[in-house]
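build me a structure from this.
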Amino acid sequence: MRRSGALVLAAAVAALLSAWPAGAPRAGAQSRNQVTIGIGAEPLTLLGSTVVDWTTNAQLENVYDLLFTRDAKTEKILPWLATGYRT
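Model prediction:
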């Protein structure tokens, strides 16, 4: 009985898959050039220099790469994406 049930299930799955249009996009499908993110709230701004809240800051840090970073021990400014700088 188990084997016949498994065969019926396999036949049903095969029938569903063969009926699915090959070119139709599936729910949640992404193209190779698409990035999808999940956020808890809309950012208040997309300008990094005008961020005033933690939620927007956390979102923009994942969008923009920083030109500079800080050394964790000394807090000195270090080039990150920048190749160097002059003052």
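
please, where are all the helices along this protein?
2-19, 54-61 (DSSP state H).

least confident of those helices, on average?
Mean pLDDT values for those show the minimum at helix 2-19, a mean of 59.

pass me the low-pLDDT residue ranges in the protein, would you?
1-30 (pLDDT under 70).

please enumerate the strands of it.
68-70, 77-79 (DSSP state E).

same list (those strands) but as JSON lines, adding mean neighbour count.
Yep, even glycine has a C-beta here, placed from its N, CA and C like the rest. Below are these laid out as JSON lines (neighbours: other CB atoms under 10 Å):
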{"stretch": "strand 68-70", "mean neighbour count": "12"}
{"stretch": "strand 77-79", "mean neighbour count": "12"}
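
tell me which of those sits nearest to Val35.
strand 68-70 (22.6 Å; CB to CB).

among the strands of the chain, which is nearest Thr45?
strand 68-70 (20.7 Å).

what does the closest one rub up against?
Strand 68-70 has contacts (CB atoms under 8 Å, 6 or more residues apart in numbering) with Lys76, Ile77, Leu78, Pro79, Trp80, Ala82, Tyr85.

so what are the sheet partners of that strand and their directions?
Paired neighbours of strand 68-70 in the sheet (DSSP bridges): strand 77-79 (antiparallel).

which residues touch the strand it pairs with?
Leu67, Phe68, Thr69, Arg70, Asp71, Tyr85.

now the last one, nearest residue through space, not along the chain?
Ranked by CB to CB, 6 or more residues apart in numbering and with sequence neighbours excluded, the top spatial neighbour of Tyr85 is Pro79, at 6.5 Å.

neighbours around Leu46, how many?
Leu46: 12 surrounding residues under other CB atoms under 10 Å.

for the residue nearest to it when sequence neighbours are not counted, give me its contacts.
Excluding its sequence neighbours, the residue lying closest to Leu46 (CB to CB, 6+ apart) is Leu60, at 7.1 Å. With contacts defined as CB under 8 Å, 6+ apart, Leu60 is in contact with Pro43, Leu46, Gly48, Val51.
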